[in-house]
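Chemist: What follows is a predicted structure for the sequence shown.
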Amino acid sequence: MGVVLARTDGKVWLGRRADTPGPYNWQFPQGGLDEGEALYEGALRELREETGVSSVSLIGRTKDWLAYAFPPEHAGSKIAKGWLGQKQIWFLFRFLGDEQEIDLGLHHEVEFDSWRWADIGEALDFVVPFKRDTYRQVIETFTPLLAAPSS
């Protein structure tokens, strides 16, 4: 799953990947499903593990799976495991908590070493190039929902 976490003003959460050189090392939280886990519950778990955040409400999600392939030069551990890429359902959550809730060290596998709020379109400038088409689709899907008044 992928998660876009948004404040009430429409700014979204971007995390800088730990131990990853810039400039393309910022992204939205994302991760895989545990065996038998439902999509929504998996998205909430990944968000909590990677950011510490649990005070959220669902705004929307992508209807279809979005996929990207790892480029041949990608030397990540997933390629070493034989993975060709990833497919994800993306969720948009409204952040209802206080920023003190954000804890990048909550989980033993730290994904991010820094974070910031940004306009959703900024993610395209800072995510690794092989994820950009997926991010474009996420941004196109969620931007109208960010503009809608929060309930």
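Modeler: Cool, the structure landed. Source: prediction; values computed, not measured.
Chemist: Every contact and neighbour count from this point should use C-alpha atoms.
Modeler: Will do.
Chemist: Please pull out the lowest mean pLDDT helix or strand from the protein.
Modeler: Sorting the helices and strands of the chain by mean pLDDT, DSSP states H and E puts helix 77-80 at the bottom, at a mean of 56.
Chemist: Give me the distance between R132 and A123.
Modeler: Applying CA to CA, to the nearest Å, the value for R132 to A123 is 9 Å.
Chemist: neighbour count winner among these two?
Modeler: A123 (22 against 16; other CA atoms under 10 Å).
Chemist: Now do the buried residues in stretch 17-37.
Modeler: 17, 24-33 (16 or more other CA atoms under 10 Å).
Chemist: Taking those, tell me the two that lie furthest apart.
Modeler: Y24 and L33 (25.0 Å; CA to CA).
Chemist: Any buried residues in the helix ranked longest in the chain, and which?
Modeler: The residue-count maximum for a helix in the chain (DSSP state H) belongs to helix 132-147. Using 16+ other CA under 10 Å as the burial criterion, the residues of helix 132-147 that qualify are 132, 134-135, 138-139, 141-142, 145-146.
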